[in-house]
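J.: Fold the following and give me the result.
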Amino acid sequence: MFRARPAATPPARVAAATAAGVGLVLAATACGSGDGRNADGTWSPTRPIEIVAPAATGGGWDTLARTSARVLEEDGLVDKPVQVVNKPGGGGAIGWAYVAAAPDDPHRLFVTSPPITLVPLTDGSTYDHDDFTPIARLSTAYMAYLVPADSPIRTFGDLTDAMREDPEKVSVAGGSAPGSMDHVALAGAVNAAGLDPEDLNYVPFDGGGEAIAQALGGHVDAAVTGASEAAGLLESGDLRALAVSSPERLDTLPDVPTLVEEDVDYTFDIWRGVMGPGDMTDEQVAYYEKVFADMVGQDGWKAATAELGWTDSYLGSEDFGAFLDRTREESAEILAEVGLRKGGDA
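T.: Down below sits the predicted model:
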């Protein structure tokens with residue numbers, strides 16, 4: 001029986017098809033699979049990276065986000081642009097909800113600090129650190145207790161004396177929600193000074209910048225916020241620092257006493273780090289972990305953090321996660337001690 005042979009592919013078409021196939025392979029190798037996965041098994045971003053500051057501009061989170069973005073771009077540590085996005089409100093809760101809304105988007109990170117363990121314990125957020133992926137702890141800083149330059153309050157003892165006389169009359173602004181970082185830093189200090197922290201007239205704002213502005217405007221008697229956030233206004237003489245929460249005097253504020261020197265046995269440190277959404281892959285975590293490890297070694301980062309009074313306290317992803325677990329337990333104890341804990345699991 002005669003059976004016709006399949007028609008042969010013309011040589012020219014074979015060559016064209018082969019060339020096209022090679023081109024596709026080369027394109028896939030060069031550009032990745034489209035979701036950032038590279039041929040060698042690593043991952044890299046495919047579009048601009050967002051770093052969310054869960055507060056208004058001018059505060060500690062905003063400063064950390066913008067300093068990180070600048071160093072990452074200027075030193076060529078990332079191939080994509082880095083955009084800072086401010087999401088103020090709820091002591092960080094608005095920003096955390098924004099990141100949690102896209103749990104598998106590895107291009108959306110956020111800067112973080114003690115409120116991520118404090119706010120959920122006061123029922124201020126339905127999200128806590130377990131809903132996100134730890135990437136790196138970067139630095140540690142300390143709080144400053146501030147008054148306007150013309151305030152009659154000269155020392156931290158003057159402040160607590162005024163509170164003891166009439167707690168309602170002495171208002172203190174902070175850049176975080178009730179029960180969060182600035183409030184706890186104040187409550188812990190006055191508790192150590194022998195006052196009832198539940199009597200505090202604490203006025204919350206969305207970020208240290210707003211809290212400082214309220215003090216400068218005479219709308220509150222004092223403010224508590226990160227020392228670095230007030231550095232410029234302290235240098236200009238618009239603000240005075242009554243005390244800092246560090247165990248020893250800060251190099252950036254050598255004339256300001258610690259709380260301990262003011263006979264208040266209390267210290268409070270502000271660790272700062274970076275986290276990502278909850279469903280990041282190991283490859284995505286590894287990418288960012290290396291990027292931020294490289295960043296803290298750059299001269300630009302070291303110069304900026306030294307000027308801000310931040311000290312290096314880098315931890316990688318796994319160690320940062322363990323640190324956050326321990327910090328949540330400590331936060332629960334602190335909030336219970338000053339009567340601010342309402343809920344959350346510790």
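J.: thought residue 334 was touching residue 181?
T.: No. Residue 334 lies out of contact with residue 181 (Cβ atoms under 8 Å); the separation is 10.7 Å. Quick note: C-beta positions are derived from backbone N, CA and C, even for glycine.
J.: Which of the two has more residues huddled nearby?
T.: residue 181 (29 against 22; other Cβ atoms under 10 Å).
J.: Quick check, central residue of this structure?
T.: In the chain, the C-alpha nearest the mean C-alpha coordinate belongs to residue 112, at 2.4 Å (Cα atoms, centre = their mean).
J.: wait, what's in contact with it?
T.: By Cβ atoms under 8 Å, 6 or more residues apart in numbering, residue 112 lies in contact with 54, 61, 92, 129, 272-275.
J.: Same question for residue 156.
T.: Taking Cβ under 8 Å, 6+ apart as the contact definition, residue 156 lies against 145, 189, 193, 242-243, 257, 259, 262, 264.
J.: tell me the two of those residues that are most distant?
T.: Spatial extent of the contacts of residue 156 (Cβ to Cβ) is set by the pair 193 and 257 at 13.8 Å.
J.: Between those two, which has more neighbouring residues?
T.: Set residue 193 next to residue 257 and count neighbours by other Cβ under 10 Å: residue 193 wins out with 21 against 16.
J.: ok, for that one, nearest residue in space, not its chain neighbours?
T.: Excluding its sequence neighbours, the residue lying closest to residue 193 (Cβ to Cβ, 6 or more residues apart in numbering) is residue 160, at 4.5 Å.
J.: which element is the one you found on?
T.: If you go by DSSP states H and E, residue 160 is part of helix 156-165.
J.: For that helix, C-alpha coordinates in CSV please.
T.: The C-alpha coordinates for helix 156-165 follow below in CSV (Å, rounded to 0.1, in the frame of the first residue of the first chain):
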residue,chain,number,x,y,z
PHE,A,156,12.6,65.8,83.8
GLY,A,157,12.0,66.2,87.5
ASP,A,158,10.2,69.5,86.8
LEU,A,159,8.0,67.6,84.4
THR,A,160,7.1,64.8,86.8
ASP,A,161,6.6,67.4,89.6
ALA,A,162,4.0,69.2,87.5
MET,A,163,2.3,65.9,86.6
ARG,A,164,2.2,65.0,90.3
GLU,A,165,0.5,68.2,91.1
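J.: Now find how far off-centre that helix is within its chain.
T.: 31 Å (Cα atoms, centre = their mean, to the nearest Å).
J.: Please identify the buried residues of that helix?
T.: Residues of helix 156-165 classed as buried: 156, 159-160, 162-163 (neighbour count, 16 or more other Cβ atoms under 10 Å).
J.: what's downstream of that helix, the next helix or strand?
T.: strand 171-174.
J.: May I have that following strand as PDB, with CA atoms only?
T.: This file holds the C-alpha atoms of strand 171-174, laid out as PDB (Å, rounded to 0.1, in the frame of the first residue of the first chain):
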ATOM      1  CA  SER A 171      -0.100  67.500  78.200                       C
ATOM      2  CA  VAL A 172       2.500  65.500  76.400                       C
ATOM      3  CA  ALA A 173       2.400  64.700  72.600                       C
ATOM      4  CA  GLY A 174       3.800  61.600  71.100                       C
END
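J.: From the contact counts, what lies against it?
T.: helix 181-192, strand 201-204, helix 208-216, strand 222-226 (3 or more Cβ pairs under 8 Å, 6 or more residues apart in numbering; DSSP states H and E).
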